[in-house]
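**Student:** Predicted model and sequence below, questions to follow.
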Amino acid sequence: MLKKSTQTFHFLMVLLCWLGLAPALRAQVLDPSFQPTVLKTPLAYTPPQNVNTLAVQPDGKVLVAGGFDFVNGALVGKLQRLNADGSTDATFNPNGTGANGYINDLLLQPDGKILVAGATFTTFNGQPRVMLVRLNANGSLDPTFAYNPAPDDYRTLTALALQPDGKILVASGATFTGQPAGGLVRLNANGTRDASFDVGTGLTSGTARAVLVQADGRILLGGTFTTFNGQAARNLVRLTATGSIDASFSIGTSATPGADGTVNALAQQPDGKLLIAGRFTSFDGQVTRNLTRRLLNGGMDASFQPNLADPNEAGTILRVAVQNNGGIIVSGLFSYYNGISRHQFVRLDATGKLDLSFAPIAGPNGACSALSLAPNGDILVGGDFNEYNELPQTGLLRLSATGQHIAGFAPLIEARGSIRELVTLPSGKLLVFGEFGNFNG
């Protein structure tokens, strides 16, 4: 009886409080004389909000995505398309709100449609979409893409790859749409899950961070993991086209095969050799700092001798790309290559030797987490920097194929700022504290 009386008392108290506050709440209206506040902050101050991924279209336009909020002064939903000169493409998703959370990867299909994979988004253009969408060439949602995960499935998608037959590989953690997925699933071209692709238990822990479809159709998967489908596979594994482990790929016979740290990026050269990059200090028990090249059977290519980071620095590679002339571009967060000062990206020759003629020494002042090659050979580099060679350059830069900075390409990319505290002064004015570098322009 006492318990019931207590519950009744609490209910009456809440009801009385609500009735007392209701008129005041109903009376609350916005003050039209108070100017709305727009806070912006440079990307270098907020690394999670950087440029994560890039793609250059055949017409030279540039798709850029990540965790940023503003491009060339306009509020965007983590994704924008730029003209070749860095200006905003006004024809792309003109009335859309984009994603409501970070984007990790995007992929341009041959038909011009765009796949977008995310870390935290649950809506796109105001429609419920969890972590993966396909867009038409103009940026609108493609209604024919039937991917439809569980509403509460908020895990991160990390990387995408497209097969020649139009099927889509999606890398992630150990679950997909609330079900065990082993870090990698394959979707049909319409977005439904491809039941013919079976990785078994795949990853039971860790995360797949990079996926590559080889020219022969086999699939290379890198990330942070120790086993795959119950077999030892330290941070790298190759699969057949059906998802089973490719036993012909041997990444070492030592006591510590594979990479001793994270694999972030993968690329295949025209000769079939495989570039493996990330943050590691050895591969198959041999000292190999952050970058190695393997033969098609997984064996080490002894002709390739890179040494990306100073031994006193950890350093990491986040992206790798191969130019038409055989040059190898790597980008990430590092300060030295073979003891020579180089910041965040370099070009190597076919033996792993540094190309001293490529790009100035100062470079970007932050990590380079996105890399793409244009049809004309130009190099697009994105990240969380706000300077290049000690001059303003926010989040995205363009270089010629020989490494010359194209200064006219200078889109302004910024993130939202935040307010930590407000103090009312005796004059009635407000003193605002927070993380921002721009207040209402």
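**Tutor:** Good, I have the coordinates.
**Student:** Check what pLDDT the residue nearest to Leu422 when sequence neighbours are not counted gets.
**Tutor:** Nearest non-adjacent residue to Leu422, counting by CB to CB, 6 or more residues apart in numbering: Leu430, 5.5 Å away. All C-beta spots, glycine's among them, are computed from the backbone N, C-alpha and C. We have a pLDDT of 74 for Leu430.
**Student:** surely Leu430 meets Ile419?
**Tutor:** No: applying CB atoms under 8 Å, one finds Leu430 not in contact with Ile419, separated by 9.9 Å.
**Student:** Now for the residue nearest to Leu422, how many residues are close by?
**Tutor:** 12 (other CB atoms under 10 Å).
**Student:** what bridges to it?
**Tutor:** Beta-bridge pairing for Leu430 (DSSP bridges): Thr424.
**Student:** Would you mind listing the residues in contact with Leu108?
**Tutor:** By CB atoms under 8 Å, 6 or more residues apart in numbering, Leu108 lies in contact with Ala55, Gln57, Leu63, Ile114, Leu115.
**Student:** mind running it again at 7 Å?
**Tutor:** Neighbour list for Leu108: Ala55, Gln57, Leu63, Ile114 [criterion: CB atoms under 7 Å, 6 or more residues apart in numbering].
**Student:** Tell me the one among those residues nearest to Ala159.
**Tutor:** Taking CB to CB as the measure, Ala159 sits nearest to Ala55 out of the contacts of Leu108, at 13.1 Å.
**Student:** if I've got this straight, that closest one is in a strand?
**Tutor:** Yes: counting by DSSP: H, G, I helix; E, B strand; the rest coil, Ala55 is part of a strand.
**Student:** hang on, it packs against Leu106?
**Tutor:** Yes: contact status for Ala55 versus Leu106: in contact at 5.6 Å, counting by CB atoms under 7 Å.
**Student:** Could you tell me which residues touch both of the two?
**Tutor:** Jointly contacting Ala55 and Leu106 under the rule CB under 7 Å, 6+ apart are Leu63.
**Student:** the more surrounded of these two?
**Tutor:** The residue with more neighbours, out of Ala55 and Leu106, is Leu106; 23 against 19, by other CB under 10 Å.
**Student:** Specify the beta-bridge partners of the more buried one.
**Tutor:** Val116.
**Student:** Next one: it from Leu396, what distance?
**Tutor:** Using CB to CB, to the nearest Å, Leu106 is found at 14 Å from Leu396.
**Student:** Tell me where the stretch 101-250 of the chain is predicted with low confidence.
**Tutor:** 149-155, 175-181 (pLDDT under 70).
**Student:** hmm, try it at 80
**Tutor:** Residue ranges of the stretch 101-250 of the chain with pLDDT under 80: 148-155, 174-181.
**Student:** Quick one: residues contacting Tyr241.
**Tutor:** Heads up, residue 241 is Ala, not Tyr. Residues near Ala241 by CB under 7 Å, 6+ apart: Gly217, Arg218.
**Student:** give me that answer again for 10 Å
**Tutor:** Listed by CB atoms under 10 Å, 6 or more residues apart in numbering, the contact partners of Ala241 are Gln163, Asp165, Lys167, Arg186, Ser196, Phe197, Val213, Gln214, Asp216, Gly217, Arg218, Ile219.
**Student:** need the residues you listed in a markdown table with distance to Ala350, can you?
**Tutor:** As requested, the contacts of Ala241 are exported to a markdown table (distance: CB to CB, whole Å):
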| residue | distance to Ala350 |
| --- | --- |
| Gln163 | 28 |
| Asp165 | 31 |
| Lys167 | 32 |
| Arg186 | 33 |
| Ser196 | 38 |
| Phe197 | 34 |
| Val213 | 23 |
| Gln214 | 19 |
| Asp216 | 21 |
| Gly217 | 25 |
| Arg218 | 23 |
| Ile219 | 25 |
